[in-house]
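J.: Give me the fold of what follows.
(2 chains)
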There are 2 protein chains.
Amino acid sequence: MGRIIILRIGHRFFRDQRVTTHVCLTARALGADGVIIADHEDKIVESTIRELTSRFGGPFTVHSGTPWRKAVKDWQAEGGRVVHLTAYGLPLPKMIPEIQNSGRDVMVVVGSEKMPGEMFKLADWNISVTSQPMSEIAALAVFLDWYKEHSAFVQEFSGSRLRIVPSKDGKEIQQVPG
Amino acid sequence: MGRIIILRIGHRFFRDQRVTTHVCLTARALGADGVIIADHEDKIVESTIRELTSRFGGPFTVHSGTPWRKAVKDWQAEGGRVVHLTAYGLPLPKMIPEIQNSGRDVMVVVGSEKMPGEMFKLADWNISVTSQPMSEIAALAVFLDWYKEHSAFVQEFSGSRLRIVPSKDGKEIQQVPG
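T.: Have a look, this model is predicted:
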């Protein structure tokens, strides 16, 4: 399976930092390789996610400021495919085999209600995680879980300094020797 | 399958409205019956979600202000079970059959890093959607998709005035006759 990068469109400095951080946490935990925050540089979100990755492991990349159209077109020019998650798109269960079988690197575009109309035309697939008003964080989570066939539950991260140990009713966290 | 209610703990007025709204959208789209926002009344989030439900259908309930401990204990006193989603818990894939087989109404508790330690003891199950730092919106999405066995992709909502029609590359929305 190829690389998976999330393109987060519509981020605004300060106002969207928490939602964008949720996008980044979701992407990392569920097996994406990185996030690009389009159009607006945000060193605060970048450093939050880099610090977390240095503690809990990677690899996971985060960049901000690339113009969204350039990010999409560069990705496609290099042979990658683009999935745009939108409540208006075709149903995930129907389309997931075609996306998985493409064998290409995949960029997953998430945004907000203000997504540029042009994105619907540029995307190789417009995909809905239910045809209901939806959180883009939730849509991304379900998409990644399906696309990666639940492999995030068994993946290992490299270079972690901390590891959470599953527990019935406590909080157990280990230092990783190294 | 019994009822599913989400208990959102740690909501603060204004500061958390967007994240809590994402929780509510996720809950509704992925087949929960309602959300309780614990401890802090928030009529703005309530009215946002009620207005959306009146347009896109229900049933879906939202209430705010119930003290979190009371919400949990009342639920359990009526025979319901409580799932607390936390990165420290036992893995979802291992535990989901036991939760599904309980045959009880299920309350799903989501919060933030500031979750009271007592919650880990009160919960019938502490469940992790990966043992990584995680968005509670993403964890809720994946939990509901597994628990409901993807049935949200085929569910119908009652009383909707608007319906999104899946589309390859457009935005199609229909008025529902009624």
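J.: Could I get the full set of helices for chain A?
T.: Per DSSP state H, chain A carries helices over the ranges A:17-29, A:43-56, A:68-77, A:92-101, A:118-122, A:136-147.
J.: so where is chain A shaky, pLDDT-wise?
T.: By pLDDT under 70, chain A has no low-scoring segment.
J.: of all the helices of chain A, which lies closest to B:Glu41?
T.: B:Glu41 sits nearest to helix A:17-29 of all these, at 21.3 Å, using C-beta to C-beta. From N, CA and C alone the C-beta is placed, and that goes for glycine too.
J.: Give me the spatial nearest neighbour of A:Thr53, chain neighbours excluded.
T.: Distance criterion C-beta to C-beta, 6 or more residues apart in numbering or on different chains; nearest residue to A:Thr53, sequence neighbours excluded, is A:Phe60 at 4.8 Å.
J.: typo on my end, it should be A:Pro67
T.: Counting by C-beta to C-beta, 6+ apart, the residue nearest A:Pro67 is A:Asp39, at 5.8 Å.
J.: Tell me how many other residues crowd that neighbour.
T.: 18 (other C-beta atoms under 10 Å in any protein chain shown).
J.: quick one, what contacts it?
T.: By C-beta atoms under 8 Å, 6 or more residues apart in numbering or on different chains, A:Asp39 lies in contact with A:9, A:11, A:65-68.
J.: Parallel or antiparallel, which strands does the longest strand seen in chain A pair with?
T.: Taking DSSP state E as the criterion, chain A has its longest strand at strand A:81-91. Using DSSP bridges, strand A:81-91 pairs in its sheet with strand A:106-110 (parallel), strand A:125-128 (parallel).
J.: Who are the contact partners of the spatially closest residue to A:Gln100 that is not a sequence neighbour?
T.: Leaving aside its sequence neighbours, A:Gln100 sits nearest to A:Tyr147 (C-beta to C-beta, 6+ apart; 6.5 Å). Residues near A:Tyr147 by C-beta under 8 Å, 6+ apart: A:4, A:96, A:99-100, A:106.
J.: what's the closest residue to A:Asp145 other than its chain neighbours in contact with, if anything?
T.: Of all residues not flanking A:Asp145 in the chain, B:Val142 sits nearest, at 5.2 Å (C-beta to C-beta, 6+ apart). By C-beta under 8 Å, 6+ apart, the residues touching B:Val142 are A:30, A:141-142, A:145, B:92, B:129.
J.: farthest pair in these?
T.: A:Val142 and B:Leu92 (13.2 Å).
J.: so which of the contacts of A:Tyr147 is the most crowded?
T.: A:Val106 (25 neighbours).
J.: is it true that it touches A:Leu85?
T.: No. With contact defined as C-beta atoms under 8 Å, A:Val106 and A:Leu85 do not form a contacting pair (11.5 Å).
J.: The residue nearest to A:Pro67 and A:Trp68: what is the separation?
T.: 6 Å (C-beta to C-beta, to the nearest Å).
J.: what sits in contact with each of the two?
T.: A:Ile9.
J.: What are the contacting residues of stretch A:170-178?
T.: Here stretch A:170-178 makes contact (C-beta under 8 Å, 6+ apart) with A:160-166, B:88, B:117, B:120.
J.: So what would you say the end-to-end distance of that stretch is?
T.: Using C-alpha to C-alpha, to the nearest Å, one end of stretch A:170-178 lies 25 Å from the other.
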